[in-house]
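> need coordinates for the following:
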Amino acid sequence: MATKQSKKVNPHHQTDILENPEEIADRLSRGEAFLKKNSKILAGVLGAAIILIGGILFFQINTQNQNKAAQAEMFQAVYYYEQDSAEFALNGDGINSGFLSIVEEYPRTDAANLAHFYIGSIYLSERKFEEAITELEQFSSDDYLIQGQAYSLIGDAYLELGNNDQAISYFSKATSYEPNKFFTPKYLAKLAIAYEEAGQIQNAIEAYGEIEEKYFESYEFSAARKHKARLEGLAAQ
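Numbering: from 1, shown residues only. Down below sits the predicted model:
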């Protein structure tokens, strides 16, 4: 059976091309012809790339400028929030903007993102639980304190609505998000309450037990021991 011989490459082929003016001229002419033939397409691609890059830069600069303006306007709303003036914090005072207008006028900014957190916590205090959930679910942060607190507040809202499963889900998110000695014991206590409301006594005992084992210096420690003992007594009956 005949075997197909592989084509040998002349090692001097590339050198011959470089040293042959006619070959170089031929290749250059073919390149020029390609450019002429496809000039409109190439120009369109280049133009689209320039527009895309320009659009991205414009969006980034515009977002930065909007964020600065929104943060400046939000200063007074935060002050009203800290003074428990919910109406002015939400809707403004007629001169300064409130959180609601900041979210509407400066979407996709860091200030609007934080405004969702403030709005949600205000709605929760006003027992507008579904509205609170909607706002808080639009908030996100890399800050280990605030994000965990947002999860906890959503859990509070669901617990008030009688949706124990969702409350458990969000309290669990709060406890597992960057655990710390300042807030995690509080989240675990809420999680234990939600478990007990759902009839999951053993899980509630374990949540209180985690406070007892890991956060013995916390404010929640004494209450956790008491409620853990109470639930263990119920479980033993």
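> give me the domain ranges for this structure.
Taking automatic domain parsing as the criterion, the chain consists of the domains 51-140, 142-237.
> got the phi/psi numbers for Leu161?
Per-residue torsions, Leu161: phi -80, psi 0 (degrees, to the nearest 10).
> what distance do you get for it to Ile119?
18 Å (CB to CB, to the nearest Å). The C-beta positions use only the backbone N, C-alpha and C, and glycine is treated the same way.
> and these two? Which one has more around it.
Ile119 (28 against 14; other CB atoms under 10 Å).
> which non-adjacent residue is nearest the more buried one?
Glu135 (4.5 Å; CB to CB, 6 or more residues apart in numbering).
> right, and that neighbour touches Ala112 too?
No - Glu135 sits out of contact with Ala112 when judged by CB atoms under 8 Å, with a separation of 11.1 Å.
> comparing the two, which shows the higher neighbour count?
With neighbours defined as other CB under 10 Å, Glu135 and Ala112 compare such that Glu135 has more, 26 against 21.
> give me phi/psi at that one?
Per degrees, to the nearest 10, the backbone of Glu135 is at phi -70, psi -50.
> tell me which residues touch it, please.
By CB atoms under 8 Å, 6 or more residues apart in numbering, Glu135 lies in contact with 116-117, 119-120, 123.
> can you check Ala189 too?
207-208, 211, 220, 223-224.
> ok, and the most crowded of the contacts of Glu135?
In the contacts of Glu135, the most neighbours by other CB under 10 Å go to Ile119, 28 neighbours.
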